[in-house]
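In: got a sequence here, can you build the structure:
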Amino acid sequence: MAGKLISTMGLDQQICHIFSARNILTAKDALCRTELELMELLDVSLDAVSAAVVHISQHASPPCRTAFSLMRERIVNGQLHGHLQTRLIGLDEALCGGIPFGAVTEVVGPAGIGKTQLCIMLSVLAAMPESYGGLDGNVVYIDTEHKFNSGRMIEIAKSSFPDVFCNERMVKELAARVLVLQLTSLAELTESLQQMEASISQLRVKLLIIDSMAALVSRYACSFHFLFSSRY
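Out: Numbering: from 1, shown residues only. Have a look, this model is predicted:
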């Protein structure tokens with residue numbers, strides 16, 4: 001939550017513009033400074049700074065929850081008990097039903113083992129109509145290595161579910177439900193996720209895939225090493 005943008009917190013527009021002008025864009029940027037430091041940097045009164053800090057803190061901090069309230073929420077919201085079946089019997093059994101809803105699942109393995117193909121297959125399953133065992137939703141596929149191939153996705157869909165994707169209309173509907181974002185840095189990923197946070201439920205996104213995190217981290221590590229080497 002520290003990376004949440006101040007501009008999305010409903011802060012008074014005037015003070016919000018002042019924060020932005022001083023390049024204080026996230027909750028972390030503001031809360032890592034004392035009120036006196038902010039007062040001097042923003043050139044506003046202490047009362048204004050104190051009110052802004054309280055507002056930002058309330059919006060950046062997750063609400064306090066009890067174990068009982070979390071348990072009740074899981075019971076009421078039955079979808080969190082479900083799974084997205086991968087249609088790989090052994091894998092679904094190992095995962096006690098498939099990819100769990102409402103959770104982060106990490107897929108690891110050596111290069112060429114089929115991680116991207118599994119992600120594409122999961123995209124098809126998430127976008128497929130519920131009457132055929134899918135989630136009937138949209139998919140956000142963040143492609144960091146430019147490996148996503150829409151033609152391959154359609155091939156997988158047609159070969160795996162010939163009864164479902166038997167006509168051009170169903171194929172086009174599948175393609176329209178998978179939004180592909182090609183990002184190249186951790187900064188771009190963070191910004192995209194922050195922008196999607198408020199609208200992801202409205203867009204009926206049932207699956208968010210990042211393929212792959214390792215590529216972004218590797219690029220960040222390489223750029224940091226280059227910067228370190230150039231300075232010393």
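In: buried ones in the helix or strand hosting Gly90?
Out: Assigned by DSSP states H and E, Gly90 belongs to helix 89-94. For helix 89-94, a neighbour-count test (16 or more other Cβ atoms under 10 Å) marks Asp92 as buried. Where you see a C-beta, it was placed from the backbone N, CA and C, and this is true even at glycine.
In: which strands and helices sit next to that helix?
Out: Of the remaining helices and strands, none touches helix 89-94 by 3 or more Cβ pairs under 8 Å, 6 or more residues apart in numbering; DSSP states H and E.
In: ok, and what's touching it?
Out: 83, 85-86, 98 (Cβ atoms under 8 Å, 6 or more residues apart in numbering).
In: greatest separation within these: which pair is it?
Out: Farthest-apart pair in the contacts of helix 89-94 is His83 and Thr86; separation 9.0 Å (Cβ to Cβ).
In: residues contacting the residue located most distally from the centre of the chain?
Out: Most distant from the centre of the chain: Ser45, at 37.3 Å, with distances by Cα atoms, centre = their mean. Contacts for Ser45 (Cβ under 8 Å, 6+ apart) come out as Met39.
In: rerun at 10 Å
Out: By Cβ atoms under 10 Å, 6 or more residues apart in numbering, the contact set of Ser45 is 39, 51.
In: cool, Ser192 as well?
Out: 140, 142, 181, 183, 210.
In: for those, which one is nearest Ala67?
Out: Ala67 lies nearest to Ile210 out of the contacts of Ser192, by Cβ to Cβ, at 29.8 Å.
In: does anything pack onto the helix or strand harbouring that closest one? Which helices or strands?
Out: Here Ile210 sits within strand 205-211, counting by DSSP H and E. Here strand 205-211 touches helix 115-127, strand 138-143, strand 178-182, helix 186-197, going by 3 or more Cβ pairs under 10 Å, 6 or more residues apart in numbering; DSSP states H and E.
In: many thanks, have a good one.
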